[in-house]
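Student: Requesting a structural model of the entry that follows:
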Amino acid sequence: MNKQIDYKLLPALAAKSEPDWKRFLVKNKKKLEGMDVQVHALHDKISEQTDCLACANCCRSLGPRIIDKDLERMAKVLRLKTTDVIAKYLRIDEDGDMVFQSMPCPFLGADNYCSIYESRPKACREYPHTDRKRFYQIFNLSVKNAYTCPIVYKVLDSLTK
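Tutor: Sure, this is the predicted structure:
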């Protein structure tokens, strides 16, 4: 197993690498469109080597957008009305999206486990997005996410080396 990157070091590491990643994107934009297989293989390999429970930085610092389906799932598992979930846990952000009132996530335990894991929001289920089809479309988002997630950092670092 590869050594886990300490999430506290990610902002400095990502800031140092970001110019290289951006140059890679400019140089390889057309090639990147056909690189999903390579990116997904990196995602799978690096995800297997990464213990998300040792990190949980995404749950501490990134507020997911909550969609209506998420709200329904959360209400059901919490045994609350959707209006009560909204009142207790959510707010509308500056973009008009429903998000958690505060971070870290209210469902993140001291052990880094999610108390609503099976019913977690779609954005949480799909994070860190490095296994998404047409990865090139979210390359810039991935650069931003590399400041938070060791998986994204290592995928970008491996892809651009």
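Student: Let me know the average pLDDT across the helix ranked longest in the chain.
Tutor: What stands out as the longest helix in the chain, according to DSSP state H, is helix 10-32. Averaging pLDDT along helix 10-32 yields 93.
Student: buried ones in it?
Tutor: Under the neighbour-count criterion of 16 or more other CB atoms under 10 Å, helix 10-32 has 10, 13-14, 17, 21, 24-25, 32 buried. Any C-beta I mention is one placed from the backbone N, CA and C, and that applies to glycine too.
Student: Pick the one among these closest to T82.
Tutor: Here the nearest of these to T82, counting by CB to CB, is L10; it sits at 34.9 Å.
Student: how near is the closest one to H129?
Tutor: Distance from L10 to H129, counting by CB to CB, to the nearest Å: 16 Å.
Student: Contacts for the longest helix of the chain, please.
Tutor: Under the criterion CB atoms under 8 Å, 6 or more residues apart in numbering, residues 5, 35, 57, 135-136, 139-140, 143, 146-150, 153, 156-157, 159-160 lie in contact with helix 10-32.
Student: For F107, which residues are in contact?
Tutor: Counting by CB under 8 Å, 6+ apart, F107 makes contact with 114-116, 120.
Student: From R120, how far out is it?
Tutor: Separation of F107 from R120 (CB to CB): 8 Å.
Student: Please parse the chain into its domains.
Tutor: Following the assignment in automatic domain parsing, the chain carries domains at 7-59+128-160, 63-126.
Student: Go through those and pick out the most buried.
Tutor: When you average the neighbours per residue for each of those (mean count of other CB atoms under 10 Å), domain 7-59+128-160 leads with a mean of 17.
Student: Now do that one: distance from first to last residue.
Tutor: Start-to-end span of domain 7-59+128-160 (CA to CA, to the nearest Å) is 20 Å.
Student: where's stretch 85-95 relative to the chain centroid, distance-wise?
Tutor: Here the centre of stretch 85-95 is set off from its chain's centre by 20 Å, with CA atoms, centre = their mean, to the nearest Å.
Student: i'd like the first residue to be 219 from this point on
Tutor: Will do, 219 is the new start, and the previous item becomes stretch 303-313.
Student: For the chain, which segments are assigned as strands?
Tutor: 308-310, 316-318 (DSSP state E).
Student: re the thing from before, with the buried residues of helix 228-250 in mind, which one is nearest to V317?
Tutor: Among those, and counting by CB to CB, the member closest to V317 is L228, at 21.8 Å.
Student: Cheers, nothing more for now.
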